[in-house]
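**Q** Fold the following, please.
(2 chains)
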There are 2 protein chains.
Amino acid sequence: MSFMLAEIREQPGAIRRFLDREAENVGRLAAACRERKIRQLFIAARGTSDHAAVYAKYLVEIVTGLPVCLAAPSVFSLYGARLRLDDALILGISQSGAAADTRTILEVNREAGRLTACITNHPDSPMARAAEHVLNCNVGEERSLPATKTYTASLAAVAALVAEYAAEAELAAGLQGVPEWIEAVLQEEEQVADRVERYRYMESCVVLGRGYHQCTALETALKLTETSYLRANAYSAADFLHGPVAAVDEGLPCFVYAPAGRTCAMMADVIRQLRARRAELLVVSDREELLEQAQTPFRLPPVPEPLSPLVAIVLGQLFAYHLARVKGRDPDRPRGLKKVTVTA
Amino acid sequence: MSFMLAEIREQPGAIRRFLDREAENVGRLAAACRERKIRQLFIAARGTSDHAAVYAKYLVEIVTGLPVCLAAPSVFSLYGARLRLDDALILGISQSGAAADTRTILEVNREAGRLTACITNHPDSPMARAAEHVLNCNVGEERSLPATKTYTASLAAVAALVAEYAAEAELAAGLQGVPEWIEAVLQEEEQVADRVERYRYMESCVVLGRGYHQCTALETALKLTETSYLRANAYSAADFLHGPVAAVDEGLPCFVYAPAGRTCAMMADVIRQLRARRAELLVVSDREELLEQAQTPFRLPPVPEPLSPLVAIVLGQLFAYHLARVKGRDPDRPRGLKKVTVTA
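**A** Numbering: from 1, shown residues only, chains lettered A, B, ... in the order given. Sure, this is the predicted structure:
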């Protein structure tokens, strides 16, 4: 079997393992954040890990009120800037722990006496050694090049940290339900595999989300690009209406994440506008009235909004995997990519 | 003549006017930032204005060391979060001043006693009224739907503020040279118009930049999408190598911003990798050895790196305009867009 497919399917167990094994490290980091009275988060990450950082921005800001800055890594690594981050938690996210620019940011800030932490699947990596606190994804080796289980585990790490730091019992309890919700999505695999046939010749598409699902849109577009070499553009639905909507032709496939929650009314409006332009709609939702609008509906189980990104992305992963197979690509080994990318 | 073309050509005068007329307001805001001892910037913007915010992130962090957070507007407007931003300058950027979510962010933070400011071409707009300090682009009405002169004026406003706040005489002096450098780029218009013919049937492309030119890549991709309905993907060159490079086919047009500066060596490496994949290269640079690698070179005048985004984007604007004409589109009025987009 393909590594990618095996790893997509492993996710319920992988997240369960993360929650069981890392609770103590999460607790220690949350306590350090409280003791140090952190006033903001500063997160460095690249690629898929950067999408976990986008999730962190929404979850941390909404739940804790702490502002979250996403690092522009070259500000440190190429321009040598040193930022005034005295009351910040500096968080690096990298599945391989090999990202040189992320490591640099942790190193210079740890030397400056700041609280540093990382989320990684390689706790013995150079980046992990640079951080004071390490949250280990604990998902086992990821052998497929497109990251899947390390992504959802990174999101789980973020959610666990926020739940512990803010003493959000509901979020903590919800997190325990994530493996089951992902199981429910995995039950849809056969349907996804059938429906993907329709998109065999798709060469480009748009992926839309908003709010908590900004990260899901970005990550879905990246998976489609890596595995099926699509030109896939992810947009915040709000930014999309500011301009890129002009490029929607009749028949353009638009992958829309619209689960129940605060963004739902706005996403329903986007779906209406896309229908008026006769776009091809793929809708991922738990709302019947939105699923009915789509040529290709994908049903989600109902999940609390802040945790929905850990579950909804599994549909995007399954779609990307099966589309790559239908297109005759090898999703495990996209041409010209290496598992570990070291950018300075 | 097309409004868009007229407005592209107006930019030297427009920036000159901004610099002349707004010096006093810039000075007042910089003084307020020093008096209030701000420790970070928090910027809210959408669409093209968000690309000005990306420029601000690099310039402010590199020159002043103050961390810059780009707002996720829905955190405020849809999720109702209130962030701990006590020592921040809250900056809204919107050419029309009509962006409801940006205005909300200014309002709630001004009520909380924080320093607020905005950059806009409509100083009488709702957003401008919500902010304590207003920097007026002063570029005259922008009648074309794709923003051009308001974008470069917004970048000039950011640079003027940073120069004044950090007492960076070199940056301030350089800013006075921007209108002339833009003139030099405008001299290339005929060449751009000729070369664009080759891309008449282009349907998708990739736009790459890094560091200071991250904003230029994003803005070029948006202009191409708005005016010619291309599927144009902008990437940081570093993120690009983490995955999307897999989607580069032989002949895929890749628009690469590679002016002299700290990112140049890395961009040269990206150009090598794209050549190895037989991509079609459009290179914007002042470096002969990089221009020689391109099927379509666009020559920049030498400009100090921190100000280069104000100049290089003019090539992207001219390219987008002429491509739209060659494709038979009306760049002034992209289908289905309104000049003012109000997202809540």
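**Q** Next, please give the residue ranges for the helices of chain A.
**A** A:3-9, A:11-35, A:47-64, A:73-77, A:100-111, A:126-130, A:149-165, A:169-186, A:189-195, A:214-228, A:237-241, A:264-276, A:288-291, A:308-326 (DSSP state H).
**Q** out of these, nearest to B:Ala160?
**A** Closest of these to B:Ala160 is helix A:73-77, at 20.5 Å (criterion: Cβ to Cβ). C-beta here means a position set from N, CA and C on the backbone, and glycine is covered the same way.
**Q** what is the mean pLDDT for stretch A:199-215?
**A** For stretch A:199-215, the mean per-residue pLDDT is 95.
**Q** Where in chain A is the helix or strand with the lowest mean pLDDT?
**A** helix A:237-241 (a mean of 85; mean pLDDT, DSSP states H and E).
**Q** how about the CA coordinates for stretch A:205-214, as PDB?
**A** The C-alpha coordinates for stretch A:205-214 follow below in PDB (Å, rounded to 0.1, in the frame of the first residue of the first chain):
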ATOM      1  CA  CYS A 205      -8.800  24.600  -8.900                       C
ATOM      2  CA  VAL A 206      -9.500  27.000  -6.100                       C
ATOM      3  CA  VAL A 207      -9.700  26.000  -2.400                       C
ATOM      4  CA  LEU A 208     -11.700  28.300  -0.100                       C
ATOM      5  CA  GLY A 209     -12.000  28.500   3.700                       C
ATOM      6  CA  ARG A 210     -12.300  31.100   6.300                       C
ATOM      7  CA  GLY A 211     -11.500  31.600   9.900                       C
ATOM      8  CA  TYR A 212     -10.500  28.400  11.500                       C
ATOM      9  CA  HIS A 213     -10.500  26.700   8.100                       C
ATOM     10  CA  GLN A 214      -8.000  29.100   6.500                       C
END
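**Q** How about it and chain B, any contact?
**A** Yes: Stretch A:205-214 is in contact with chain B by Cβ under 8 Å from any Cβ of the partner chain, via A:Arg210, A:Gly211, A:Gln214.
**Q** and that stretch, how far out from the chain's middle?
**A** 11 Å (Cα atoms, centre = their mean, to the nearest Å).
**Q** Now do the same contact list for A:Ser136.
**A** Check again: residue A:136 is Asn, not Ser. Counting by Cβ atoms under 8 Å, 6 or more residues apart in numbering or on different chains, A:Asn136 touches A:Phe18, A:Arg21, A:Glu22, A:Asn25, A:Thr120, A:Asn121, A:Pro123.
**Q** Sorry, wrong one. I was asking about A:His51.
**A** A:His51 neighbours (Cβ under 8 Å, 6+ apart): A:Tyr151, A:Cys215, A:Leu218, A:Glu219, A:Leu222.
**Q** Likewise for A:Ile119?
**A** A:Ser49, A:Ala52, A:Leu91, A:Gly92, A:Ile93, A:Ser94, A:Leu135, A:Cys137, A:Ser154, A:Ala157, A:Val158.
**Q** thought A:Ser236 was touching A:Tyr212?
**A** No: taking contacts as Cβ atoms under 8 Å, A:Ser236 lies outside contact range of A:Tyr212: 11.5 Å.
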